[in-house]
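Colleague: Please find the sequence and the predicted model below.
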Amino acid sequence: MSEQEFLKEPWGQGKSHQAFEKSMFNIRPAPEFSTGEVVLSSLYRASGFRDVSEKQVKGLGDELSKAADKAKKKDATVGAIQPDTWRTVLDRLVQSPKVSQQSSKRFMSLSPVVPDTALYSGAARLSGNPWNPGQLVKRIVQMGASSDEAAAKAWQHLHEALDVGTTDDVWARWLQEEFELRRKAGAEWQPTALPALGGFPPADRSRFQYPAKQFVADLDGIIQAKPAMTRRQWISLLEAVLRLGTVSHVLWLCDVNDRIWKIARAVLESDGAKVPVSEDEVVSQVLSVKKRMLSFGHPAIPMLRDYTSKYLSARLGLNRVLWALDEMKIPVANLDSISGIRAFLTTVKARRKGLVDAGVIESLNELSDRETRTITCKKGIGANLMEFAQYTLGQRQTMDETLRGYDQGYFLRKRGAARNAAWVLALGPASVLAMTHCCLHEVKGPRSVQRLAKHLGSYGIEFDLHGLNDSDLGRQLRMLGLVLDSPDAESGMLLVPPFAN
């Protein structure tokens with residue numbers, strides 16, 4: 001790879017500078033379209049089905065459907081369920097509703113209630129080589145845990161929870177057994193290893209709050225709640241946490257890239273611009289979640305597009321500077337730690353004249369003009385990031401209107417019935433339950449609703465405490481029996497733990 005190859009095709013695989021590729025703020029794997037169920041299904045595969053790739057899922061689903069059709073022509077073996085009954089299970093009881101864009105496509109669409117459903121359904125795309133959102137969850141666990149050892153323990157704990165064991169309800173155990181009887185040879189449900197992250201030292205992780213850190217803590221909380229409900233109920237809550245955790249992590253990384261680039265660009269454009277002189281300043285100016293990425297009741301798509309567009313501009317700028325430093329034979333520190341980020345910005349300031357003389361800003365402006373459609377999220381990686389955020393957080397728009405209530409774990413919903421209605425930040429019932437439990441599972445008894453506000457704030461979500469009583473969220477909390485009205489509490493509400501017993 002060289003500077004000229006990057007300038008020719010800046011988004012291609014392997015075209016980014018190695019220092020950027022290995023940095024703690026690089027988004028990998030690159031997100032594309034997904035939904036909550038796709039994230040959960042791919043997590044099953046990443047966690048336990050090591051030898052089943054994403055591109056095999058569609059074919060395995062077709063084989064399962066054909067086998068079920070053929071079985072209807074034969075008599076059932078002694079002790080086995082009737083073929084018509086199994087077909088009903090697939091088509092009714094565990095079927096996941098299709099969206100309108102999928103109406104003419106034939107494929108298995110199963111709700112990921114048990115691990116084996118992920119062998120036949122839940123890939124991000126029906127053709128080609130789909131990406132695996134489960135690998136993104138894996139990286140978030142690596143980054144969010146306090147150490148590599150803690151990450152491996154959390155990953156193992158998650159696998160054990162995803163498994164169907166004796167503590168699961170009878171329906172889940174029976175369903176898993178029936179799927180196992182039809183499992184193809186070579187697909188074994190075994191825990192996968194979680195390698196060391198190789199960067200972002202534990203000492204750095206402990207210095208500030210960020211979405212991946214909150215996500216790992218919430219995973220533990222949701223796993224602890226598993227015995228209090230049925231498998232299907234628990235899966236709904238887990239899916240809600242996965243949806244928010246994955247998207248907020250990606251948005252945070254977009255913001256980190258943008259903040260680093262703003263400092264670097266300011267240095268290039270002005271000799272008097274300052275860079276962080278300490279690691280504490282790097283944390284406060286670059287890494288901390290101090291901006292609210294989404295706000296209750298407000299249109300979300302413009303905010304998602306803004307973060308994505310700024311990330312793409314920052315990615316171009318940072319790589320352009322890194323390649324220029326490479327051409328100047330200037331060594332660059334690893335960008336996998338707080339000290340590495342500070343060292344990089346210090347290098348940019350020290351080598352400002354050489355970078356300016358090399359025409360970095362001019363060539364970057366030309367590159368940005370050429371890549372406008374990608375930067376504005378109209379094609380390529382920009383469009384992929386937008387699809388990932390919108391459809392992972394958004395309520396599923398099912399083909400059958402009567403099944404619109406199937407998705408209860410959303411974080412975005414349409415403001416009206418019109419096709420072009422705005423998507424606004426609003427939590428579904430399962431999301432409200434999940435977030436309330438996660439913010440209270442470490443305490444006993446009711447707590448101020450301010451605790452929920454702080455919890456959502458760690459994911460970059462903001463809501464107005466003073467207007468909570470009359471808001472959709474306030475009504476949801478009351479409907480689910482999660483609050484006690486109290487004149488002494490913040491905003492007149494106390495949160496009640498949903499699974500205290």
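Modeller: Good, I have the coordinates. Numbering: from 1, shown residues only.

Colleague: pLDDT weak spots in the stretch 1-150 of the chain?
Modeller: Along the stretch 1-150 of the chain, segments meeting pLDDT under 70 span 75-79, 100-105.

Colleague: Please, where are all the helices along it?
Modeller: 3-8, 18-21, 36-48, 57-71, 83-88, 133-144, 148-162 (DSSP state H, counting those that start in this stretch).

Colleague: how about the shortest one: buried residues?
Modeller: The reference is to helix 18-21. 19-20 (16 or more other Cβ atoms under 10 Å). In short, each C-beta sits where N, CA and C put it, glycine included.

Colleague: How about the first one?
Modeller: Counting neighbours by 16+ other Cβ under 10 Å, one finds that the buried residues in helix 3-8 are 3, 6-7.

Colleague: Does anything pack onto that helix? Which helices or strands?
Modeller: In this structure, helix 3-8 packs against helix 301-327, with contacts taken as 3 or more Cβ pairs under 8 Å, 6 or more residues apart in numbering; DSSP states H and E.

Colleague: Dump the next helix or strand after the helix it packs on to CSV, keeping only the CA atoms.
Modeller: Counting by DSSP states H and E, the next helix or strand C-terminal to helix 301-327 is helix 338-350. C-alpha atoms of helix 338-350 as CSV (Å, rounded to 0.1, in the frame of the first residue of the first chain):
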residue,chain,number,x,y,z
ILE,A,338,-4.7,7.5,25.2
SER,A,339,-1.0,8.1,25.1
GLY,A,340,-0.9,7.0,21.5
ILE,A,341,-3.6,9.5,20.5
ARG,A,342,-1.8,12.3,22.3
ALA,A,343,1.5,11.4,20.7
PHE,A,344,-0.1,11.4,17.2
LEU,A,345,-1.5,14.9,17.7
THR,A,346,1.8,16.1,19.1
THR,A,347,3.5,14.7,16.0
VAL,A,348,1.1,16.5,13.7
LYS,A,349,1.8,19.8,15.5
ALA,A,350,5.6,19.3,15.4
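
Colleague: on contacts alone, who are the packing partners of whatever helix or strand comes next after helix 338-350?
Modeller: Following helix 338-350 in sequence order, the next helix or strand is helix 352-357 (DSSP H and E). If contacts are counted by 3+ Cβ pairs under 8 Å, 6+ apart, helix 352-357 sits against helix 231-269, helix 301-327.

Colleague: And those helices: which comes nearest Leu385?
Modeller: helix 301-327 (4.6 Å; Cβ to Cβ).

Colleague: quick one: average pLDDT of that closest one?
Modeller: Summarised as a single mean, pLDDT over helix 301-327 is 96.

Colleague: residues of it that come out buried?
Modeller: Here helix 301-327 shows 301, 303-305, 307-326 as buried, counting by 16+ other Cβ under 10 Å.

Colleague: Then stretch 376-393?
Modeller: 377, 381-393.

Colleague: what do you get for stretch 392-403?
Modeller: For stretch 392-403, by 16+ other Cβ under 10 Å, it's 392-398.

Colleague: Reformat the residues you listed as JSON lines; add distance to Lys15.
Modeller: Shown next, in JSON lines, are these (distance: Cβ to Cβ, whole Å):
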{"residue": "Thr392", "distance to Lys15": "26"}
{"residue": "Leu393", "distance to Lys15": "29"}
{"residue": "Gly394", "distance to Lys15": "31"}
{"residue": "Gln395", "distance to Lys15": "36"}
{"residue": "Arg396", "distance to Lys15": "35"}
{"residue": "Gln397", "distance to Lys15": "35"}
{"residue": "Thr398", "distance to Lys15": "39"}
